[in-house]
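[1] okay, here's the prediction I keep looking at, along with the sequence it came from:
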Amino acid sequence: MIIVMKVGAPEAEIDQITTDLEANWKLKPEKIVGQYKTVIGLVGDTVDLPPEQLQEMSPWIEQVLRVEKPFKRASREYRHGEAGEVAVETPNGTVYFGEKHPLVTIAGPCSVENEEMIVETAVRVKAAGAKFLRGGAYKPRTSPYAFQGHGESALGLLAKAREASGLGIITEVMDAADIDKIAEVADILQVGARNMQNFALLKKIGAQDKPVFLKRGMSATIDEWLMAAEYVLAAGNSKVILCERGIRTFDRSYTRNTLDLSVLPVLRSLTHLPIAIDPSHGTGKAEYVPAMAMAAIAAGADSLMIEVHPNPAKALSDGPQSLTPERFDRLMLEELSIVGKAMGRWPQQTPVLA
Ligand code: PEP
Ligand code: MN
């Protein structure tokens with residue numbers, strides 16, 4: 001943190017500020033006297049110090065600048081610049097998310113509709129190389145009259161699909177009261193875009209140890225998103241995966257959101273956490289998903305989340321952005337595998353479909 005004093009700030013005022021900073025905040029202030037202005041550099045742990053509060057110390061303070069980032073555990077420096085990884089236990093062994101590991105594909109329908117469709121989708125996406133099955137039991141819908149998910153009974157169906165396919169399961173938690181029963185079935189807990197800043201939920205989800213898939217809020221800045229991750233990390237759960245799913249912009253004529261792929265290099269420099277991209281919610285249209293999925297791998301994504309439905313035209317939610325299993329096969333085997341191999345991120349064995 002740096003305090004910039006106004007031109008002409010009296011010497012006694014500057015001394016008083018440095019004395020107070022030492023006494024009240026246990027910081028080591030270092031004074032730099034320029035030709036017109038004096039600057040006070042604060043050495044010490046200033047993560048919890050609100051710049052606005054320091055600004056109030058004297059009318060002679062021009063501005064207070066934060067040099068370090070407010071997120072500490074999520075920061076890249078926290079691991080001394082090293083890439084992080086999140087290990088997830090699945091019925092088929094441990095799957096690692098992270099910069100040094102192969103791309104992890106998560107696929108499945110927006111919501112779990114019935115046993116047949118979820119088991120069929122699981123088996124199909126597994127054969128194409130997915131490592132996790134997604135599917136909402138509790139759905140955050142804009143309209144209270146839209147399909148809200150089958151809730152607890154859908155968790156039972158996810159358990160059946162897990163057993164039938166050997167895939168890990170990821171599903172959304174909307175209410176902290178549901179964490180325990182969801183964690184009995186899910187290998188990863190998803191926090192959706194609409195709950196990214198539900199701090200009570202983040203604290204509870206941080207206090208249990210299943211990995212957390214934290215989607216970016218639709219209007220969240222990167223700092224807000226990383227601070228949301230910080231809530232989970234600070235509560236004791238270090239297994240956080242970030243997921244960009246498109247941000248709201250002015251032009252919704254052609255795409256549902258604007259998929260912000262620039263977060264990939266930005267987050268790489270800011271955080272050690274693994275990064276996933278969701279081109280399905282990011283575009284809202286199945287025909288745009290393959291191009292953005294390929295671009296995401298090329299830009300360094302560690303994971304992709306893709307909606308796949310056996311009959312998108314009949315889907316109870318997000319049909320227009322869902323790929324058919326046939327289209328998903330082609331995407332994995334003919335498109336993503338080429339980019340994945342070029343980037344050195346494709347799983348060793350490319351599955352061969354019967
Ligand atoms: C979803 O994954 O189905 C979902 C609701 O995502 P988001 O929170 O990104 O809208
Ligand atoms: Mn969806």
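    Arrived safely, thanks for sending. Ligands and ions are numbered 1, 2, ... in the order given.
[2] Ser75 reaches Leu267, doesn't it?
    No. Using Cβ atoms under 8 Å as the test, Ser75 is too far from Leu267 to be in contact (10.9 Å). Where you see a C-beta, it was placed from the backbone N, CA and C, and this is true even at glycine.
[3] and the two? which has more neighbours close in?
    Ranked by neighbour count (other Cβ atoms under 10 Å), Ser75 and Leu267 place Leu267 first, with 22 against 19.
[4] return the residues in contact with that one.
    Ile222, Leu242, Leu273, Ile275 (Cβ atoms under 8 Å, 6 or more residues apart in numbering).
[5] can you do 7 Å?
    Neighbouring residues of Leu267 by Cβ atoms under 7 Å, 6 or more residues apart in numbering: Ile222, Leu242, Ile275.
[6] single out the residue in the stretch 251-354 of the chain that lies closest to ligand 2.
    Asp318 (3.7 Å; Cβ to the ion).
[7] is that residue in contact with Pro312, as I believe?
    No. Counting by Cβ atoms under 7 Å, Asp318 sits too far from Pro312 to count as a contact (8.6 Å).
[8] any weak-confidence spans in the stretch 251-354 of the chain?
    In the predicted model, the stretch 251-354 of the chain carries pLDDT under 70 at residues 349-351, 354.
[9] could you check how far the residue positioned nearest the centre of the chain is from Ala9?
    In the chain, the centroid-proximal residue (Cα atoms, centre = their mean) is Leu242; its distance is 1.9 Å. Leu242 sits 42 Å away from Ala9, going by Cβ to Cβ, to the nearest Å.
[10] bridged to the residue nearest to the centre of the chain, which residues?
    Under DSSP bridges, the beta-bridge partners of Leu242 are Leu214, Ile275.
[11] and it, what does it touch?
    Here Leu242 is in contact with Leu214, Trp225, Ala229, Leu267, Leu273, Ile275, Ala276 (Cβ under 7 Å, 6+ apart).
[12] rerun that using 10 Å as the cut-off
    74, 212-216, 222, 225-226, 228-229, 263, 267, 271, 273-277, 302-303 (Cβ atoms under 10 Å, 6 or more residues apart in numbering).
[13] in helices only, show me those residues.
    Among the contacts of Leu242, DSSP state H puts Ile222, Trp225, Leu226, Ala228, Ala229, Val263, Leu267 in helices.
[14] of those residues, just the buried ones, PyMOL syntax please.
    This is the PyMOL syntax for the buried subset of those, where burial follows 16 or more other Cβ atoms under 10 Å:
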select buried, resi 222+225+226+228+229+263+267
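[15] you'd agree Met343 is up against Ala299?
    Yes. At 9.3 Å, Met343 counts as touching Ala299 under the criterion of Cβ atoms under 10 Å.
[16] before we move on, the earlier item: find the residues that touch each one of Ser75 and Leu267.
    In terms of Cβ under 10 Å, 6+ apart, Ser75 and Leu267 are both contacted by the residues Leu226, Leu273.
[17] find the closest residue to ligand 1 in this protein.
    At 3.0 Å from ligand 1, Gly192 is the closest residue in the chain, using Cβ to the nearest ligand atom.
[18] give the residues shared as contacts by Asp318 and Pro312.
    Residues within reach of Asp318 and of Pro312 at once, by Cβ under 10 Å, 6+ apart, are Pro109, Cys110, Ala286.
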